Every structure is written in structure tokens, then in C-alpha cells.
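S.K.: give me coordinates for this.
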Amino acid sequence: MDALSTTFAALADPTRRAILARLALGEANVGEIAQPFAMSGPAVTKHLKVLEHAGLISRSRVAQQRPAKLEPAALKAASEWIAEYRRFWDAKFDGLDAYLAELQRNGEEA
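M.R.: Below is the predicted model:
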């Protein structure tokens, strides 16, 4: 699987997206990450492994803890891919706006 597919697969799960939102606030260990979820530490660890494999987080070792940290640069490729489609749809909507404005002007002239 290519890196972009791995990133989107990791982001497909709402729990992993919530974990990323938590890590956007700062580093956290498994216990801190697990607190708002109704799941065990090992279940959270599985999610963290998926996120780490996708490059979305990194984990270090501090004594017996393995804090996780968000790696925002890993989201850049996904963001750029989405931006291409955003430009496409923005252009389509701009064209639709112009067409509707023209219809409205023609309707007022009649």
C-alpha cells in the first residue's frame, strides 16, 4: 500500500482521528490517551501502532513510558491531495455561480 493510502486508512477510523486530536494538544502516554475512550490500554496501543505505521505519530521511550507525539508533517501529502480536489470543485462551483447569476439577470430582463 502506498503512503497516501496508508494515511487515509489510518484516518478512516474515528477513534484514531480522536487520538490525533488529543495529541495535537501535546504528547501523551497510553493511559492518558485511553481516558476518554471506553477501551483498554492494549486496544489504544493497537490504534497507536496503526497511526505510527502511517507516520502520523511517533513514540519515544521515557523510563517505562512510551509517550506518543503528533507528526503533523505526515498529514501534508494528504492535505495536498485534498487541496487538488478542492481547487477542482471550487472552479466548478464558481462556474455554477456565474451560470446562476446569468440566469437571474436574464430572468429580470424578461
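S.K.: what segments of this structure are strands?
M.R.: Taking DSSP state E to define them, one finds strands in the chain at 57-59, 68-70.
S.K.: of all those, which lies closest to residue 95?
M.R.: Closest of those to residue 95 is strand 68-70, at 37.8 Å (criterion: C-beta to C-beta). (Each C-beta comes from the backbone N, C-alpha and C, glycine too.)
S.K.: what packs against the closest one?
M.R.: Judged by 3 or more C-beta pairs under 8 Å, 6 or more residues apart in numbering; DSSP states H and E, the packing partners of strand 68-70 are helix 14-23, helix 41-53, strand 57-59.
S.K.: list the buried ones in the biggest helix by length in the chain?
M.R.: In the chain, ranked by residue count with DSSP state H as the criterion, the top helix is helix 76-109. Neighbour counts over helix 76-109 (16 or more other C-beta atoms under 10 Å) mark residue 78 as buried.
S.K.: which elements pack onto that helix?
M.R.: Packed next to helix 76-109, using 3+ C-beta pairs under 8 Å, 6+ apart, are helix 3-11.
S.K.: which residues touch the helix it packs on?
M.R.: Contacting residues not belonging to helix 3-11 are listed as 1, 16-17, 20, 50-51, 53-56, 74-75, 77-78, 81 [C-beta atoms under 8 Å, 6 or more residues apart in numbering].
S.K.: same check on stretch 51-59?
M.R.: 3, 6-7, 9-11, 16, 19-20, 23, 48, 66-71, 74-75.
S.K.: point out where the chain drops to low pLDDT.
M.R.: Regions of the chain meeting the criterion pLDDT under 70 cover residues 109-110.
S.K.: make it 80
M.R.: Applying pLDDT under 80 to the chain picks out residues 1, 62-64, 107-110.
S.K.: just give the closest residue to residue 31, not the sequence neighbours.
M.R.: residue 41 (6.5 Å; C-beta to C-beta, 6 or more residues apart in numbering).
S.K.: tell me the spacing between the one you found and residue 103.
M.R.: 60 Å (C-beta to C-beta, to the nearest Å).
S.K.: try residue 25
M.R.: Distance from residue 25 to residue 103, by C-beta to C-beta: 48 Å.
S.K.: likewise for residue 43?
M.R.: Remark: distance between residue 43 and residue 103 (C-beta to C-beta) = 55 Å.
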